[in-house]
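**Q** can't give you the sequence, but here's the structure:
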């Protein structure tokens, strides 16, 4: 893609501000009406999805040149896709895609990404993970009592964050799979970053190299199915990889797999967990995981000035994200009472960790995670559950900062707790 | 560019974090819907980019707004306030101008459920206010611009018809007490707020300034900054324990329709039957919503995507929808509901109409009931080409509204045939009445393509022709496009009202710092 390809939609933005809020029909209170953490924190219109689309347009038309302020506006966005869901309620625009493309342009021109991003991209190049940890450490979470089947065609792609920072998620995922007698292998020190943190800040060329390396690695090992416990990895492997590299492996998230294992009776949660919980939809598992369907067609003027795509073009609106699987899993845990927040499913509020914000703009990321914790607290829930190590880090940071007794669980941890002998 | 010392003074008022002169941010205030039409009307190529403000400030309090306005007066800098800011009137028209973005002033200050008013700040949106008011069993008038726009902006500075107008009137009629930072930097409290600190009346005891504030159809940000306003509230016709719950996934949401709500689409063969039926329905003061459109509009209103709308148009709506209006009946009790439904049916039968919903021609989903009261249906018109704008306006009688529709059809058709605007056979209009049908509003929503030079030029030409017809055939004032040029075009035939507007502008804005682009200048340009 290039900005050129977005010119018509950039010229057509109505500047209506719908992109700042959840879909208007879903607003239940003023307190939780916003979808965009960025404009909520920074306030100027430029920080909204529509605002950034105008900024991209101004850059494309030569009205703007890169400045430090412009780069900040561009990167102080979690690229969560919320703006696009709200925009598409009415318009045929893709503000989140435009934002990403402008980041690609920033990198190509040498202006972007931000120093914090450059630092971790270098670490990904050198150490295959953004944390700069030695590759041997990727399997440190693996204890002797976890069974791994090196001959399996199912790969548990642990991801950098679960392997190196949120090891408890890797452990609970592996234990749940063991409990269901679901064979899997891991890559251990051969596993490399999925490319998400690189891709999201606009270094598309490096990200594509990583994608190619990963796909080759999976092919060499005969991998047919990949399980991820990280929503960021899931989004990359399931949604972004097919846009750039050909592959034929199946990608499933732990929430989907556990739903299936529960349906088949291979997981039997029997231990009562008497707890009121609320579930946070990770952006990359929800609206952002909706696949891009390859499309070839043309615009046809059906009525005067009313164009349609022939054949009909898939409208990527967040409809087909993974929303029900985690909820179905939670409903089967004895004692758990699920209470929903106001912003859920495709209009879930971002945790603040996405697209390099946690590393480059920690104050903003913490604002967003606190906002989400406020919403979780408003439900009366005792615990917050999600399905992504990035979300876990971000939301736990907010809980820690406010010294809040609310507990946080990854979905796999809660399922493991409910299994006999699980914990 | 602002001088450094001026920028510093503004920065001292709001704090460094809430002021900017970064071009990348400023440009997002220079880009506006319909600029492409205004640029064509000025003889330029169509563009949504206009003039970049010199700075944007984000005040949080009335005192901050006052300080900003005083600085503008001292240094001869123009200003334009905006809330969500959708439309060319929200933007500055002079490079030596600052934009006052009122986004941080977003509090609902009071809901007085006994006296039925709410006191709000500029950046409270319609959807937010409505969501909070339902908890009190109340609702407000939300203007057609949409649920994400500011009711304060509409109530103080615009016209503001909406989908619930038969029940809630229009914005200007619902304005009570106001806090107003005048263009000279003084604060004026209007109506009972000045006298008693209570907001219940816009007209007194205390100053009554509603006519001055509104002028013709509003000051469009050209007469200072309205920082707080009390607006009138209405009973929300739903059970006390009703909760606004949405289920489903985009684009098909579900909503539990409250008991005693029902929609009709009353369809008549010709305007001759439509007009008396529309008068009668409004005269009985028995409906939440009564508004008309074209067949294409009906399909757009009661579907969830563009493709669904197109399928509905050709799947029967085009064949069966003639001169219709949509009615939403709501009631608090079964008895009231039955009476109102019988009344609507009797009026329909009396004038030889049929109900397109009962006949199975169109089927509003439950979520469309929610969208009706949340004022979201107007936004559906954007689905056809991502853009529309309205011509005409004629805030007068139902009879005049019907006359405009008749006069407009062949004019609009001419431009449809040229292929420059959307094809609704020239029949796309939108009408609603206020106060038992005493007055009515008609505009002509017109789809065009903002990314096509030909379409922008064609629409601009069509709008100019509509304006000329409005004047020559006495069809009332254009709804949207205001400012010196249009005022002066109409003034000589309409009691020279611009003279009075100019006196107001000169009196309240002696230094001319309030950006007058879509309001009026104190001095007439020769």
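**A** Yes, it's here. Computed from a prediction, not measured in an experiment: that's the story for all the values here.
**Q** show me where the stretch 101-250 of chain A has its helices.
**A** A:115-127, A:160-164, A:167-179, A:196-199, A:204-220, A:231-234, A:241-244 (DSSP state H, counting those that start in this stretch).
**Q** strands of chain A, start to end?
**A** A:154-157, A:225-228, A:250-253, A:275-279, A:298-303, A:306-310, A:336-338, A:383-386, A:407-410 (DSSP state E).
**Q** what does the first one contact?
**A** Right, strand A:154-157. A:173-174, A:177, A:182-187, A:191, A:194, A:218, A:221, A:223-230, A:233, A:237 (C-beta atoms under 8 Å, 6 or more residues apart in numbering or on different chains). (Each C-beta comes from the backbone N, C-alpha and C, glycine too.)
**Q** can you pull the contacts of residue A:4?
**A** residue A:60.
**Q** residues from the stretch 401-526 of chain B in reach of chain A?
**A** Proximity of the stretch 401-526 of chain B to chain A (C-beta under 8 Å from any C-beta of the partner chain) is limited to residues B:416, B:419-423, B:447-452, B:455.
**Q** can you tell me which two in the residues you listed are farthest apart?
**A** B:416 and B:451 (18.7 Å; C-beta to C-beta).
**Q** show me what the mean pLDDT comes to for stretch B:206-217.
**A** Across stretch B:206-217, pLDDT averages out at 82.
**Q** so what's residue 269 closest to, chain neighbours aside?
**A** Answering for chain A, as no chain was given. residue A:418 (3.5 Å; C-beta to C-beta, 6 or more residues apart in numbering or on different chains).
**Q** wait, chain B was what I had in mind.
**A** In space, and not counting its chain neighbours, residue B:269 is closest to residue B:322: 5.7 Å by C-beta to C-beta, 6+ apart.
**Q** just checking, next helix/strand downstream of the helix or strand of chain B with the lowest mean pLDDT?
**A** In chain B, the helix or strand scored least confidently by mean pLDDT, DSSP states H and E is helix B:192-196, which has a mean of 79. Counting by DSSP states H and E, the next helix or strand C-terminal to helix B:192-196 is helix B:210-214.
**Q** and the helix or strand following that following helix, what's its mean pLDDT?
**A** Past helix B:210-214, further along toward the C-terminus, the next helix or strand under DSSP H and E is strand B:225-235. Regarding strand B:225-235, the rounded mean pLDDT is 96.
**Q** next, see if strand B:225-235 gets close to chain A.
**A** No. Figure legend: strand B:225-235 not in contact with chain A (C-beta under 8 Å from any C-beta); closest approach 15.3 Å.
**Q** mean neighbour count, the strands of chain A: which tops it?
**A** strand A:383-386 (a mean of 25; mean count of other C-beta atoms under 10 Å in any protein chain shown).
**Q** could you check the pLDDT of residue A:405?
**A** What the model reports as pLDDT for residue A:405 is 95.
**Q** let me fix that, I meant to ask about residue A:248.
**A** Reported pLDDT for residue A:248: 89.
**Q** look through the stretch 101-250 of chain A and state the residue closest to chain B.
**A** The stretch 101-250 of chain A approaches chain B most closely through residue A:102 (10.6 Å), counting by C-beta to the nearest C-beta.
**Q** since we're on that residue, how many residues are nearby?
**A** 24 (other C-beta atoms under 10 Å in any protein chain shown).
**Q** state the distance from it to residue A:2.
**A** Here residue A:102 is placed at a distance of 11 Å from residue A:2 (C-beta to C-beta, to the nearest Å).
**Q** low-scoring stretches of the stretch 251-400 of chain B, by residue?
**A** The model of the stretch 251-400 of chain B has no residue with pLDDT under 70.
**Q** show me where it has its helices.
**A** B:271-283, B:295-301, B:306-312, B:318-320, B:334-350, B:366-373, B:398-418.
**Q** among the ones you listed, which is nearest residue A:206?
**A** helix B:306-312 (37.6 Å).
**Q** what helices and strands are in contact with the closest one?
**A** For helix B:306-312, the packing partners by 3 or more C-beta pairs under 8 Å, 6 or more residues apart in numbering or on different chains; DSSP states H and E come out as strand A:306-310, helix B:295-301.
**Q** tell me which of these lies nearest to residue A:413.
**A** Nearest to residue A:413 among the helices and strands packed on helix B:306-312 is strand A:306-310; the distance by C-beta to C-beta comes to 43.9 Å.
**Q** so what strands line up beside the closest one?
**A** Applying DSSP bridges, strand A:306-310 is found paired with strand A:298-303 (antiparallel).
**Q** grab the nearest non-local neighbour of residue 84.
**A** Here I'm looking at chain A. residue A:96 (4.3 Å).
**Q** ah, no, chain B please
**A** residue A:17 is the one closest to residue B:84 (C-beta to C-beta, 6+ apart), at 3.9 Å.
**Q** what are the phi and psi values for the one you found?
**A** As for residue A:17, its main-chain torsions (degrees, to the nearest 10) stand at phi 80, psi 10.
**Q** follow-up on the earlier one: out of the helices of the stretch 101-250 of chain A, which is closest to residue A:348?
**A** That would be helix A:231-234 among those, by C-beta to C-beta, at 11.2 Å.
**Q** counting contacts, what elements does the closest one pack onto?
**A** Against helix A:231-234 (3+ C-beta pairs under 8 Å, 6+ apart) you get helix A:196-199, strand A:250-253, helix A:389-401.
**Q** at 7 Å what do you get?
**A** strand A:250-253 (3 or more C-beta pairs under 7 Å, 6 or more residues apart in numbering or on different chains; DSSP states H and E).
**Q** in the sheet, which strands lie alongside the strand it packs on, parallel or antiparallel?
**A** strand A:225-228 (parallel).
**Q** and the partner strand, how far out from the chain's middle?
**A** Centroid separation for strand A:225-228 versus its chain: 16 Å, with C-alpha atoms, centre = their mean, to the nearest Å.
**Q** which outside residues touch that strand?
**A** A:153-157, A:159, A:184, A:234, A:237, A:249-254, A:257 (C-beta atoms under 7 Å, 6 or more residues apart in numbering or on different chains).
**Q** residues near residue B:464, how many?
**A** Other residues close to residue B:464 by other C-beta under 10 Å number 15.
**Q** great, nothing more from me.
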